[in-house]
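Participant: Sequence and predicted structure, then a few things I'm wondering about:
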Amino acid sequence: MRIVLVGPPGAGKGTQAAYLAENLSIPHISTGDLFRANISQGTPLGRQAKEYMNAGRLVPDEVTIGMAEDRMQQEDAREGFLLDGFPRNIGQAEALDAFLRSHDLKLDAVLDLEVPEEEVVRRIAGRRICRKDSSHVFHAEYQRPKTEGRCDECEGELYQREDDSEETVRKRLAVYHSETEPIIDYYREQGLVTTISALGAVTEVTERAMTALGRD
Ligand code: AMP
């Protein structure tokens with residue numbers, strides 16, 4: 001299956017993507033994670049991306065599209081993939097369509113995770129992420145780790161993303177509304193979108209998502 005996950009920052013895309021990708025045996029491709037890996041390795045691409053990310057802005061398409069296409073062409077993505085955080089504007093959605101067309105492929109579904117705005121800010125401000133595995137996500141109030149600052153699953157150090165400050169979150173939300181939301185209509189016209197609520201327990205949201213994908 002080839003799936004796109006959309007939703008505002010803090011909707012739980014990364015968490016859901018990790019579970020869904022495992023259930024569906026396809027790789028989870030997160031452009032945010034790819035940028036963060038480049039930043040921690042100090043690559044030129046990482047240096048370029050960092051200033052945009054810390055300002056809550058989108059990294060330019062020239063950089064992003066090539067990186068996503070390289071990843072989608074790797075061996076493990078031959079039978080499908082779950083895209084998390086890509087595409088994020090109409091230009092990227094059109095580039096993805098062109099890429100898929102040129103490989104004789106199609107998207108199967110677009111899952112739109114819906115969450116109220118005030119919940120987004122609460123979720124992100126307390127979010128703590130494991131340095132070893134970014135799908136291990138905790139929350140300073142709602143999902144505290146057993147040991148302060150350590151991941152329950154792999155003992156990795158927990159940290160707060162630089163772009164998770166309240167000011168940057170508000171900027172990221174504004175960018176989401178103006179640039180990313182239009183892709184939902186773009187895909188709706190192709191009959192691909194299912195909107196599900198991202199509220200409730202992580203497992204409940206995963207169940208809703210699997211039902212939406214016809215895999216319950
Ligand atoms: P995420 O981890 O998906 O929340 O992404 C974190 C940040 O990485 C975003 O706020 C953007 O600055 C950048 N980013 C991730 N994916 C994209 C994309 N598809 N296009 C442009 N910038 C992106």
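Facilitator: Yep, it's here.
Participant: and the closest residue in space to H139 that isn't next to it in sequence, how far is that from Q74?
Facilitator: Among residues not flanking H139 along the chain, G126 sits closest, at 4.5 Å (Cβ to Cβ, 6 or more residues apart in numbering). No exception for glycine: its C-beta is placed from N, CA and C like everyone else's. Separation of G126 from Q74 (Cβ to Cβ, to the nearest Å): 34 Å.
Participant: swap in R2?
Facilitator: Applying Cβ to Cβ to R2 and Q74 gives a distance of 14 Å.
Participant: thinking again about what came up before, quick one, which of G126 and Q74 is more surrounded?
Facilitator: Shown here are G126 and Q74; by other Cβ atoms under 10 Å, G126 has more neighbours (16 against 11).
Participant: List phi and psi for that one.
Facilitator: G126 adopts backbone torsions of phi -100, psi 0, taken as degrees, to the nearest 10.
Participant: got it, and A109?
Facilitator: phi -160, psi 150.
Participant: Contacts only, for it.
Facilitator: A109 makes contact with M1, I3, V4, L192, T194, A212, L213, according to Cβ atoms under 8 Å, 6 or more residues apart in numbering.
Participant: Please identify which of these is nearest to the ligand.
Facilitator: Nearest to the ligand among those: V4, at 10.7 Å, using Cβ to the nearest ligand atom.
Participant: does the closest one have beta-bridge partners, and which?
Facilitator: Counting by DSSP bridges, V4 is bridged to L83, V110.
Participant: Settle this for me: it is touching Q190, isn't it.
Facilitator: No - counting by Cβ atoms under 8 Å, V4 does not reach Q190; the two are 10.9 Å apart.
Participant: which SS state does the residue sitting furthest away from the middle of the chain fall under?
Facilitator: Distance to the chain centre peaks in the chain at T147, reaching 26.7 Å (criterion: Cα atoms, centre = their mean). Classification of T147 using DSSP: H, G, I helix; E, B strand; the rest coil returns coil.
Participant: Any idea how many residues pack against the residue lying closest to K146 once chain neighbours are set aside?
Facilitator: What sits nearest to K146 in space, not counting adjacent residues and going by Cβ to Cβ, 6+ apart, is D152, at 5.4 Å. When neighbours are defined as other Cβ under 10 Å, D152 has 15 of them.
Participant: Ok, the one 5 residues further on next?
Facilitator: Summarising burial for E157: neighbours were counted as other Cβ under 10 Å, giving 12.
Participant: contacting residues for it?
Facilitator: Counted by Cβ under 8 Å, 6+ apart, E157 has contacts C130, R131, K132, G149, R150, C151.
Participant: thinking in terms of the whole chain, how far from its middle is stretch 85-102?
Facilitator: Distance, stretch centre to chain centre, for stretch 85-102: 15 Å (Cα atoms, centre = their mean, to the nearest Å).
Participant: ok, it near the ligand or not?
Facilitator: Yes - residues of stretch 85-102 contacting the ligand under Cβ under 6 Å from any ligand atom: G85, F86, R88, Q92.
Participant: a markdown table please, covering those residues and showing neighbour count.
Facilitator: Shown next, in a markdown table, are the residues of stretch 85-102 next to the ligand (neighbours: other Cβ atoms under 10 Å):
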| residue | neighbour count |
| --- | --- |
| G85 | 23 |
| F86 | 25 |
| R88 | 21 |
| Q92 | 20 |
